[in-house]
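Peer 1: sequence plus the predicted model coming up.
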Number of protein chains: 2
Amino acid sequence: MKQSFLFTKTRRDAPKDEVSQNAKLLIRAGFIHKEMAGVYSYLPLGLRVLNKIIGIIREEMNALGGQELFLSALQDKGVWEKTGRWDEKAVDSWFKTELKGGAETGLAFTHEEPLTALMRDHISSYKDLPKYLYQFQVKFRNELRARSGIIRGREFLMKDLYSFSRNEAEHTPFYEQVKKAYNTIFKRIGIGEKTVLAFASGGSFSKNSHEFQTICAAGEDTIHLCEKCSIALNDEIITEQTVCPKCGGEKFTREKAVEVGNIFTLGTKFSDALGLQYRDETGKELPVFMGSYGIGPGRAMGVVVELFSDEKGIVWPKNIAPFTVHLISLASSAKVKKEADALYEKLQKVGIETLYDERDARAGEKFADADLIGIPLRAVISEKTPVGKVEIKERTSDSPRLISHAELLKMISGK
Amino acid sequence: MKQSFLFTKTRRDAPKDEVSQNAKLLIRAGFIHKEMAGVYSYLPLGLRVLNKIIGIIREEMNALGGQELFLSALQDKGVWEKTGRWDEKAVDSWFKTELKGGAETGLAFTHEEPLTALMRDHISSYKDLPKYLYQFQVKFRNELRARSGIIRGREFLMKDLYSFSRNEAEHTPFYEQVKKAYNTIFKRIGIGEKTVLAFASGGSFSKNSHEFQTICAAGEDTIHLCEKCSIALNDEIITEQTVCPKCGGEKFTREKAVEVGNIFTLGTKFSDALGLQYRDETGKELPVFMGSYGIGPGRAMGVVVELFSDEKGIVWPKNIAPFTVHLISLASSAKVKKEADALYEKLQKVGIETLYDERDARAGEKFADADLIGIPLRAVISEKTPVGKVEIKERTSDSPRLISHAELLKMISGK
């Protein structure tokens, strides 16, 4: 994409009321726009990153045998009353509103209830189980404070996966598979090394619940990392659980962290309340055994920015960068401009995602923008560049080097 | 996809309170689920169709030079007060709710206001114009009645495109280009022949506004088709406009129709109210000249069902069908089962989207399901099918015929 085509501009300052580093940088670089506290719009660069994260998660969900659907945001109060979660005393983060005619409705902050109700139309026998359904859907949570940028929004995208199994024996191996898939996802997104599995209490659902916590100074959570192994305990259970459930270690280090994923064994809480049953081989009616598994793609994006930015701007990991190469032309002559155009065409032709800065602007401005936007590889063609060569530099490096156009293509595409 | 993997089941009856033909069929066939009146969830088959429609629209938006973004649903009241559209007297379809702390917010029913406000950060000079931005976003409209299934929802997906130009002279050619793109979209979706351009009043926006109306018995709109040419007038302007604005014809036929798209010249209404200006070549500050252009992908899907269904079920046009082939195995022997499996593998291998009914069910049930689901091409392998052959039938035909596996592949892939 030519940079003059991109409608967003970088800016020197973030909105004055913005305190989080991720939102400050993402706004300054033109990835997102702040509508109000905790509510952000995604601009083209931001949507590209978000879609890459979604793409990675979708692949892993499909590999688990998941089927994608898309549930509504507006909720039928009656369904939520059956599980007791319509009540503000049980859930204080509802956005509620009214249908014309006076009936109350609310905006989904999660989807266990409607999906369990829906599945009654499609599950009746043990032959219908297990089933795994997921979606990417905007959730609404009426948070009192929203000061963490896209890490904790009042409106945010969530991937939620739900499993429907016959019983705990059928459920547990899938739960373990999801753990592995989540590790793969965080690794592919680029935050694998900083992300640990944390034991959690599971709230009112069950004893069996885990969080994926990314160690990060901006985190709102506190976790307790076992000094002997790679496991953590979250803050809720550290008082009751004094030894590491994995290795028996007794020493823990406190760390700030962001919960980037969570997995719950729900058991039959929702199927009991909503009457989701199946007939087993003997004809007996039994409640379906459920699990739910969440990841916030926007939150993961915010964590990446918190972890990898420097004083100059964002540093995107390769797999989720908005573009693979930031090609910058510093041409003043027609001849060099033609050379830069030709390299852009070559990159386009082989399908390498390239942001091409062909704007009429100073070199300093172009370099500052490139550092702020954070594409992993910068490639510069200037009046000083020898014909057929290009000056490349990784975002994290200070040493540019000259290579040929062919070498650049080979380096990126591996061909 | 194997049909036993698909979690949805077809059903004989639609919900009793459902009156629209599109929702009845889509629910019975397992494409959507009714959450409440005017609120539907998309199940895997439905999401596949919706995504194909989205894919077609996205291609045409990109071809127009559009850039995709994703704006928030929750709205900042202050921005809407500036245009007067926060007031319930001006807009009676708001869903409003409250942020913790007491501030009012609402769910976007359209996005002119927030996008105009956002663009102030990115447009300052004539060099920044024109720009074309679009999104696929869920809109919320608090309709008093919602009896048309996914044709008129309280929550529905919309593609909305906005244009930002220097003046009317720069705007008009783009407006005409969008007309052409919309015709292409409706043609590709399969409703081109039934869709006409209708002159409309444009409400409070401008004189220049057009609708794309699909002639359809289930339509809530009335249009007046010029008997001489292919143009229509909508019901609002037929009293003041007595001759066809295209050919001068004076005879019109009344038709029921569904508005599947609309395009508006907004002029400077929003940029004036929100202060979106640019500096021209002489340094003068001028308001940006805007247009907006909508299509509801879910509504288009509903219209397709209304237009093309028969007494047996849905008939999907090729380009938006959830699958290209519905392969049905009626095997009772291991040998024939293997033959059907092998054909499925072959189809998968060359990337032909196939729903494979390998379920243990009666032939009558499988055929009835296939007719209800409405995939354009049915392919059957039974004990009677000669080895290497397959019995194919178009959804709209009554005459099955035998062809070889190779012929089937060639017929579909064109290779």
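Peer 2: Everything's here; your move.

Peer 1: report the backbone C-alpha coordinates of the helix or strand harbouring residue A:340 in PDB.
Peer 2: Assigned by DSSP states H and E, residue A:340 belongs to helix A:334-349. Coordinates of each C-alpha in helix A:334-349 appear next as PDB, following Å, rounded to 0.1, in the frame of the first residue of the first chain:
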ATOM      1  CA  ALA A 334      13.200  10.800 -11.400                       C
ATOM      2  CA  LYS A 335      15.700   8.000 -12.000                       C
ATOM      3  CA  VAL A 336      15.800   7.000  -8.300                       C
ATOM      4  CA  LYS A 337      12.100   7.400  -7.900                       C
ATOM      5  CA  LYS A 338      11.700   4.900 -10.800                       C
ATOM      6  CA  GLU A 339      14.100   2.500  -9.100                       C
ATOM      7  CA  ALA A 340      12.000   2.600  -5.800                       C
ATOM      8  CA  ASP A 341       8.700   2.200  -7.700                       C
ATOM      9  CA  ALA A 342      10.200  -0.800  -9.500                       C
ATOM     10  CA  LEU A 343      11.200  -2.500  -6.200                       C
ATOM     11  CA  TYR A 344       7.700  -1.800  -4.800                       C
ATOM     12  CA  GLU A 345       6.100  -3.400  -7.900                       C
ATOM     13  CA  LYS A 346       8.400  -6.400  -7.500                       C
ATOM     14  CA  LEU A 347       7.400  -6.800  -3.800                       C
ATOM     15  CA  GLN A 348       3.700  -6.500  -4.700                       C
ATOM     16  CA  LYS A 349       4.100  -9.000  -7.500                       C
END
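
Peer 1: skip ahead from that helix and say which helix or strand is next.
Peer 2: With DSSP H and E, the next secondary element past helix A:334-349 is strand A:354-357.

Peer 1: can you pull the contacts of residue A:403?
Peer 2: By CB atoms under 8 Å, 6 or more residues apart in numbering or on different chains, the contact set of residue A:403 is A:389-390, A:392, A:411. C-beta coordinates here come from the backbone N, C-alpha and C atoms, glycine included.

Peer 1: over to residue A:175?
Peer 2: A:163, A:208, A:263, A:265, A:291.

Peer 1: quick check: whatever residue of the stretch 301-415 of chain A ends up closest to chain B vs residue A:337, distance?
Peer 2: Nearest residue of the stretch 301-415 of chain A to chain B: residue A:360, at 9.1 Å (CB to the nearest CB). For residue A:360, the distance to residue A:337 equals 11 Å [CB to CB, to the nearest Å].

Peer 1: the two: which is more packed in?
Peer 2: residue A:337 (15 against 7; other CB atoms under 10 Å in any protein chain shown).

Peer 1: would you mind measuring from that one to residue A:374?
Peer 2: In terms of CB to CB, residue A:337 sits 26 Å off from residue A:374.

Peer 1: picking that back up, can I have the buried ones of the contacts of residue A:403 as a ChimeraX selection?
Peer 2: In ChimeraX, this line selects whichever of the contacts of residue A:403 come out buried by 16 or more other CB atoms under 10 Å in any protein chain shown:
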select /A:389,390,392
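
Peer 1: inside strands: which ones of the contacts of residue A:403?
Peer 2: Under the assignment DSSP state E, these contribute A:389-390, A:392 to strands.

Peer 1: hang on, the earlier thing: report the lowest-confidence entry in the contacts of residue A:175.
Peer 2: The lowest pLDDT within the contacts of residue A:175 belongs to residue A:208, with 68.

Peer 1: so how far is the top helix by length along chain A from its chain's centroid?
Peer 2: As assigned by DSSP state H, the longest helix anywhere in chain A is helix A:168-189. Offset of helix A:168-189 from its chain centre (CA atoms, centre = their mean, to the nearest Å): 16 Å.

Peer 1: now it: buried residues?
Peer 2: For helix A:168-189, by 16+ other CB under 10 Å, it's A:171, A:174-175, A:178-179, A:181-183, A:185-186, A:188-189.

Peer 1: re the thing from before, which of the ones in strands among the contacts of residue A:403 sits closest to residue A:315?
Peer 2: residue A:392 (15.9 Å; CB to CB).

Peer 1: partner residues bridging the closest one?
Peer 2: Beta bridges link residue A:392 to residue A:379, residue A:401, judged by DSSP bridges.

Peer 1: tell me who's in contact with the nearest residue to residue A:371 once chain neighbours are set aside.
Peer 2: Distances taken as CB to CB, 6 or more residues apart in numbering or on different chains place residue A:312 nearest to residue A:371, at 3.8 Å, with adjacent residues excluded. By CB under 8 Å, 6+ apart, residue A:312 lies in contact with A:368, A:371-372.

Peer 1: of the residues you listed, which count as buried by neighbour count?
Peer 2: Buried among the contacts of residue A:312 by 16+ other CB under 10 Å: A:371-372.

Peer 1: mind listing which of the contacts of residue A:312 are in helices?
Peer 2: Short answer: the contacts of residue A:312 in helices (DSSP H) are A:368, A:371-372.

Peer 1: how about JSON lines for the residues you listed, with distance to residue B:147 and pLDDT added?
Peer 2: Listed next are the ones in helices among the contacts of residue A:312 as JSON lines, based on distance: CB to CB, whole Å; pLDDT from 0 to 100:
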{"residue": "A:368", "distance to residue B:147": "56", "pLDDT": "98"}
{"residue": "A:371", "distance to residue B:147": "56", "pLDDT": "98"}
{"residue": "A:372", "distance to residue B:147": "51", "pLDDT": "98"}
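
Peer 1: quick check, nearest of the residues you listed to residue B:222?
Peer 2: residue A:372 (54.1 Å).

Peer 1: touching, the closest one and residue A:29? I think so.
Peer 2: Yes - Residue A:372 sits in contact with residue A:29 when judged by CB atoms under 8 Å, with a separation of 4.7 Å.

Peer 1: which residues do those two both contact?
Peer 2: Common neighbours of residue A:372 and residue A:29 (CB under 8 Å, 6+ apart) are A:10, A:313-314.
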